[in-house]
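Colleague: this one's structure only:
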């Protein structure tokens, strides 16, 4: 009886409290073609739902008895509603009809709420993301193909006022070669053209990539411009575009790919249509940034519905609000071709970008890079010799090919306008009027004026001032390849009106590779002698003190040196971005200004210190690229680290050297890309000096008392404030590229960018080099009896900064705070520093 009662109660409980389940299953097809439709949204009206599978099947269930209407929705098709009986298992097959264009009517002015959840477009892009590794050429064991690249720069909308200038009247034949057909509404005047043809090879295991250069051709602007550097810089701006990468570097900035792993977080996706091409059904997928100020794309891509979810075509551009400088337009188009195994590979890539100082400028600069591919072979290994040789081959012979080679081998012929570029620029560089024009431009931009085999400069060093020399005048220059391709001279003469002393520099260099010593690759021996002033610890490669703009300094800046330096060095660079330097240096340092060399024990003044050094330095910068300026190289940083190791041996008794010592130094630099969160430049350095030495021969840490923000110096440290015989430091400069400012109303219109930095220095002075513990060495400098040079103790020196960059597209302003050693005399705890830089 009890068992019967329990059974009855169970049935009654189930009837009252357990709701019946509604299950609807079926398939969805195109009403016309009867092809299955994937990613159709299927949902109970008023509730969430699912999407159909690749073969068009679906299964939807609910326990809510109030849900009696099921809807089917898909981009480009009519929405279908079906009424069902809740609580039953139902089979429902659907045929969907496409919407005619005339039937589409938009009635709402409100933006529909967007969500990733249960969004068929997001489900589709996640399938593309999941299949990325299968659709890249690196999925094959072997790949080989031929690649043709064409890179060109053009002036846009030929400025008529400029053409009427007398200065340019002889250049009309260049200015009249314009193309009005390529871009609607714009006249393009090409001024630069470069072509490259190569065979590419890839092996998966062991991994090896090989490029055999078949031909290279580019315009040559002559001696005034680093033509190779121009080529590298433009190729850096218009780098290879791989949409399967998470990040795409364009114009030196990282853009997040629309099929990056994080793309659903930063993009909105919408299915626009389904089309069929070559028997393959494609989904037309539209994508747009969630925040139009971020470095993201908008456009359409076509995705295959064959189970591989490959990109068959993509067209994309950037938002007009994107936090990108001087860029008026940017568009990318890529086509993919089906291979014999059913996968797709890139067959054509085109990128165009127009630059202008302002968006409303009448003219600008249009850059275009077109890359095409053919003779694509998969899983066919090449000869072993191909993979065993260096990564790039054939460059030397590829630059001297006849025009007939290019006519036969270009993937697409040049247009009539393009074909004139080479001859026009060749004629231009041989004109005297062009040489005069470039002479003036070089003086204004680089600071040098050429007089045949000798050029005078740099102009910004002609006048400067400092507390020791007062008003200082300097004049000098250097020889050019016109004088000799093997022998080079450089010199200057300077005079300080306060100390009434002449300073001078003279060097002679012999180039072993018969190339300019200012162009890559270096291979020369240089002998020089210099007598000049110097701030202790300020190395020439980090800051040039006779630059007028750096003459303005804060605080006490009276401790200087007079240096007599005889130096010989041999420098050699190799093709894999490895270089070494061997050197000999004899230097005599004498105190200047308020600096003095005094013995700790007796107070006796020491007039000077003489050292003789032998040195060796090795530098490795994988895949490094740069533009070679008149004096300095402008690096084009990439993701690879740069290592520099230096060893110096001081030899007592050699050419009056007074000390024996060994100095080891290692520096590592790395740019870390953080996608939408910007990037960080990280530099780590360490050094150790063996030997008993006076403080001028220890490491005097790089300080900055100017009002400019210096990347490689401690910006609130005073000159000569810290010395060490052992140290380790780390600097980090973080550039957020507007990640926060882009999301703030009104602020985002200014296109400002956030920057921050942190610098830390650990170090110390051994007892034998510390004048407080060793009376036999020189005492640390002081002012009015107050010591102002120190060794680091157990705590580090630290400073941080936050700032705003891209002010007026050029300026950066930082608020710098010093965090330690605040009790030192005449130190600033806070400071404002500025820096100017041209950047996209």
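Modeller: Cool, got the structure. Quantities reported herein were computed from a predicted structural model and do not represent experimental measurements. Numbers count the residues shown, from 1 in each chain.
Colleague: From here on, just use CA atoms for contacts and neighbour counts.
Modeller: Will do.
Colleague: Skipping its backbone neighbours, what lies nearest the residue sitting nearest the centre point of the chain in space?
Modeller: Central residue of the chain (CA atoms, centre = their mean): residue 252, 4.0 Å from the mean position. What sits nearest to residue 252 in space, not counting adjacent residues and going by CA to CA, 6 or more residues apart in numbering, is residue 237, at 5.8 Å.
Colleague: residues contacting the one you found?
Modeller: 250-252 (CA atoms under 8 Å, 6 or more residues apart in numbering).
Colleague: do the same with residue 467
Modeller: 557-558, 593.
Colleague: do residue 664 as well
Modeller: So residue 664 contacts 645-648, 687-689 (CA under 8 Å, 6+ apart).
Colleague: Who wins on neighbours among these?
Modeller: residue 689 (23 neighbours; other CA atoms under 10 Å).
Colleague: Who are the contact partners of it?
Modeller: Going by CA under 8 Å, 6+ apart, the list of residues near residue 689 reads 661-664, 698, 725-726.
Colleague: Swap in 7 Å and give it another go.
Modeller: Residues in contact with residue 689 (CA atoms under 7 Å, 6 or more residues apart in numbering) are 661-664, 725-726.
Colleague: Filter these down to the buried ones.
Modeller: 661-663, 725-726 (16 or more other CA atoms under 10 Å).
Colleague: In strands, which of those appear?
Modeller: 661-663, 726 (DSSP state E).
Colleague: Serialize the contacts of residue 467 to CSV and add fields for distance to residue 634, neighbour count and pLDDT.
Modeller: Converted to CSV, those look like this (distance: CA to CA, whole Å; neighbours: other CA atoms under 10 Å; pLDDT from 0 to 100):
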residue, distance to residue 634, neighbour count, pLDDT
557, 29, 17, 85
558, 32, 15, 88
593, 34, 15, 91
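Colleague: which of the ones in strands among the buried ones among the contacts of residue 689 lies closest to residue 307?
Modeller: Taking CA to CA as the measure, residue 307 lies nearest residue 726 of these, at 60.8 Å.
Colleague: quick one: contacts for residue 322?
Modeller: Contacts of residue 322 (CA under 7 Å, 6+ apart): 292-295.
Colleague: go with 8 Å
Modeller: Taking CA under 8 Å, 6+ apart as the test, what residue 322 contacts is 292-296.
Colleague: List just the nearest of these to residue 65.
Modeller: Distances from residue 65 to those, taken by CA to CA, are shortest for residue 292, at 43.4 Å.
Colleague: What is the neighbour count of the closest one?
Modeller: Residues near residue 292, counting by other CA under 10 Å: 20.
Colleague: same check, this time on residue 784
Modeller: So residue 784, with other CA under 10 Å, has 6 neighbours.
Colleague: For it, give its distance to residue 595.
Modeller: As judged by CA to CA, to the nearest Å, residue 784 and residue 595 stand 12 Å apart.
Colleague: go on, residue 617?
Modeller: With CA to CA as the criterion, residue 617 and residue 595 are 31 Å apart.
Colleague: hey, where'd the helices end up in the protein?
Modeller: Listed in chain order, the helices of the chain (DSSP state H) span 2-17, 120-130, 132-135, 160-163, 172-175, 227-237, 263-266, 384-388, 395-398, 403-409, 416-419, 421-429, 432-445.
Colleague: among these, which is the most enclosed?
Modeller: Stretch with highest mean neighbour count among those: helix 120-130 (a mean of 21; mean count of other CA atoms under 10 Å).
Colleague: any idea of the mean pLDDT in stretch 511-527?
Modeller: Mean pLDDT, computed over stretch 511-527, is 89.
Colleague: List the buried residues for it?
Modeller: Under 16+ other CA under 10 Å, the buried positions of stretch 511-527 are 511-512, 515-517, 519-527.
Colleague: where does the stretch 701-840 of the chain have low pLDDT?
Modeller: Within the stretch 701-840 of the chain, no stretch has pLDDT under 70.
Colleague: let's see 90
Modeller: Scanning the stretch 701-840 of the chain with the threshold set as pLDDT under 90 gives 706, 746, 775-776, 782-787, 793-794, 809-810, 836-840.
Colleague: what's the answer for the stretch 51-200 of the chain, then?
Modeller: In the stretch 51-200 of the chain, residues with pLDDT under 90: 51-68, 71-79, 85-89, 96-119, 153-191.
Colleague: that older thread, with distance to residue 765 added, can I get the buried residues of stretch 511-527 in TSV?
Modeller: TSV is the format used below for the buried residues of stretch 511-527 (distance: CA to CA, whole Å):
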residue	distance to residue 765
511	41
512	43
515	45
516	43
517	39
519	40
520	40
521	39
522	37
523	38
524	37
525	36
526	34
527	34
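Colleague: With respect to residue 677, which of the residues you listed is nearest?
Modeller: Of the buried residues of stretch 511-527, the one sitting nearest to residue 677 (CA to CA) turns out to be residue 520, at 34.1 Å.
Colleague: Spit out the contact partners of that closest one.
Modeller: Residue 520 touches residue 573, counting by CA under 8 Å, 6+ apart.
Colleague: and with 10 Å instead?
Modeller: 226, 228-229, 572-575, 577, 626-628, 633 (CA atoms under 10 Å, 6 or more residues apart in numbering).
Colleague: Let's see if you can find the most crowded of these.
Modeller: Result: residue 627 is most packed of the contacts of residue 520 (other CA under 10 Å), 21 neighbours.
Colleague: Was I right to think that one contacts residue 231?
Modeller: Yes: under the criterion of CA atoms under 10 Å, residue 627 makes contact with residue 231 at 8.9 Å.
Colleague: what is the spatially closest residue to residue 290 that is not a sequence neighbour paired to in the beta sheet?
Modeller: Spatially, and ignoring its direct neighbours in sequence, residue 290 is nearest to residue 267 (5.2 Å; CA to CA, 6+ apart). Using DSSP bridges, the beta-bridge partners of residue 267 come out as residue 289.
Colleague: Give me the neighbour count for residue 267.
Modeller: Residues near residue 267, counting by other CA under 10 Å: 22.
Colleague: start at 684 instead
Modeller: Okay, using 684 as the starting number, the last item reads as residue 950.
Colleague: re the thing from before, among the helices of the chain, which comes closest to residue 716?
Modeller: From the helices of the chain, taking CA to CA, the stretch that ends up closest is helix 803-813, at 21.4 Å.
Colleague: so what does the closest one touch, helix or strand wise?
Modeller: strand 724-727, strand 732-734, helix 815-818, helix 946-949, strand 950-960, strand 963-972, strand 980-987 (3 or more CA pairs under 10 Å, 6 or more residues apart in numbering; DSSP states H and E).
Colleague: Enumerate every residue touching the residue nearest to residue 973.
Modeller: Contacts of residue 950 by CA under 10 Å, 6+ apart are 799, 805, 939-942, 970-975, 979-981.
Colleague: cutoff 8 Å now
Modeller: Contacts of residue 950 (CA under 8 Å, 6+ apart): 941, 970-973.
Colleague: Do you know the pLDDT at it?
Modeller: Value for residue 950, per-residue pLDDT: 96.
Colleague: roughly how far apart are it and residue 998?
Modeller: From residue 950 to residue 998 the distance is 15 Å (CA to CA).
Colleague: cool, and residue 865?
Modeller: 17 Å.
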